[in-house]
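# Predicted model, plus sequence, below.
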Amino acid sequence: MKILVAVKRVVDYNVKVRAKADGSAVDLANVKMAINPFCEIAVEEAVRLKEKGVATEIVVVSMGPQAAQEQIRTALALGADRGILVQTDAELEPLAVAKCLKKICDDEQPGIVLLGKQAIDGDNNQTGQMLAALTGYPQGTFASELVVEDGTAKVTREIDGGLQTVSLKLPAIVTSDLRLNEPRYASLPNIMKAKKKPLDTKTAEDLGVDVSPRTKLLKVEPPAERQAGIKVADVAELVDKLKNEAKVI
């Protein structure tokens, strides 16, 4: 069985994001980029399925500028077999990404498509669900456990009320949550091997997908700075301030 894993190039989660001075976009100059953490969890799960003998091939796909090859190579070093880059300098929206992934699914015919539940830049949480709608595949979102056997995927998903387990007939789409696994570190030998693994480059035009944005970004600004707290002398003063100033009791 083939597993297709989608990964996104985002600002590293350890970096403090800044807006440009004119407020037109996020300042990416000299900023460290990395695989979206949820996508890295998806890669790890695919590798574990291959190690169990469930999967025979792992294909990693990413969309973005040529520099996104770095994130694909990282996934290859973690255990994926080959990569596909849909190269574009456009600001991709979830629907455009889902349409591109749908075309790749048509070509690759994977048994499972693994994605991160959301990206830490846009936090949209839309691509997996849109891809399921376009392909007609069943979906298991927010997965904290995945078991694949006998042509089905049992997905334990995190919901507001606790946990829910769904059984999906393959091919299926699964989006990973934080508790699905803990990604491994790439070893130096695997990093060197990843440089020789195949990586194909396509364009949105090759796939026949229009990636023109449907929305317009008006302004980007940082959140308001948190105000300093105050110290109180005793419980009575605390209660007084909560009641009369904060008005929470």
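Arrived safely.

# my guess is residue 128 meets residue 173, correct?
Yes. Using C-beta atoms under 8 Å, residue 128 makes contact with residue 173 at a distance of 5.7 Å. C-beta coordinates here come from the backbone N, C-alpha and C atoms, glycine included.

# and for these two, which residues touch both?
Jointly contacting residue 128 and residue 173 under the rule C-beta atoms under 8 Å, 6 or more residues apart in numbering are 115, 139.

# would you put the C-alpha positions of the longest strand along the chain in PDB?
Selection of the longest strand in the chain by residue count, based on DSSP state E, yields strand 139-149. What follows is the C-alpha trace of strand 139-149 in PDB, where atoms were taken according to Å, rounded to 0.1, in the frame of the first residue of the first chain:
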ATOM      1  CA  GLN A 139     -12.000  11.000   6.500                       C
ATOM      2  CA  GLY A 140     -10.800  10.700  10.000                       C
ATOM      3  CA  THR A 141      -9.700  14.100  11.400                       C
ATOM      4  CA  PHE A 142      -7.800  15.000  14.700                       C
ATOM      5  CA  ALA A 143      -6.400  11.400  14.900                       C
ATOM      6  CA  SER A 144      -4.700  10.400  18.100                       C
ATOM      7  CA  GLU A 145      -4.400   6.800  17.100                       C
ATOM      8  CA  LEU A 146      -4.400   5.000  13.800                       C
ATOM      9  CA  VAL A 147      -4.700   1.200  13.200                       C
ATOM     10  CA  VAL A 148      -4.700  -0.100   9.600                       C
ATOM     11  CA  GLU A 149      -5.700  -3.700   8.900                       C
END
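
# Listing partners with orientation, what would you give for that strand?
Sheet pairing of strand 139-149 (DSSP bridges) gives strand 152-159 (antiparallel), strand 172-176 (parallel).

# Pull the residues that contact the longest one.
Strand 152-159 has contacts (C-beta under 8 Å, 6+ apart) with 112, 140-148, 163-170, 172, 174, 177, 179.

# go on, stretch 201-210?
Stretch 201-210 is contacted from outside by 84-88, 90, 96, 99-100, 103-104, 211, using C-beta under 8 Å, 6+ apart.

# Could you turn the buried ones of those residues into a ChimeraX selection?
One line in ChimeraX is enough to select the buried ones among the contacts of stretch 201-210; burial here means 16 or more other C-beta atoms under 10 Å:
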select :84,85,86,87,88,96,99,100,103,104,211
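
# And the pLDDT at residue 236?
Per-residue confidence at residue 236 stands at 92 (pLDDT).

# oh, I was asking about residue 122
pLDDT, the model's per-residue confidence, is 87 for residue 122.

# on that earlier part again, so which bits of the longest strand of the chain are buried?
Across strand 139-149, burial judged by 16+ other C-beta under 10 Å covers 139-143, 145-146, 148.

# what's the most distant pair in the residues you listed?
Comparing every pair within the buried residues of strand 139-149 by C-beta to C-beta identifies 142 and 148 as the most remote, at 17.4 Å.

# So which residues of this structure form strands?
When assigned using DSSP E, the strands of the chain occupy the ranges 2-6, 9-11, 33-35, 57-64, 82-87, 112-116, 139-149, 152-159, 162-169, 172-176, 199-203.
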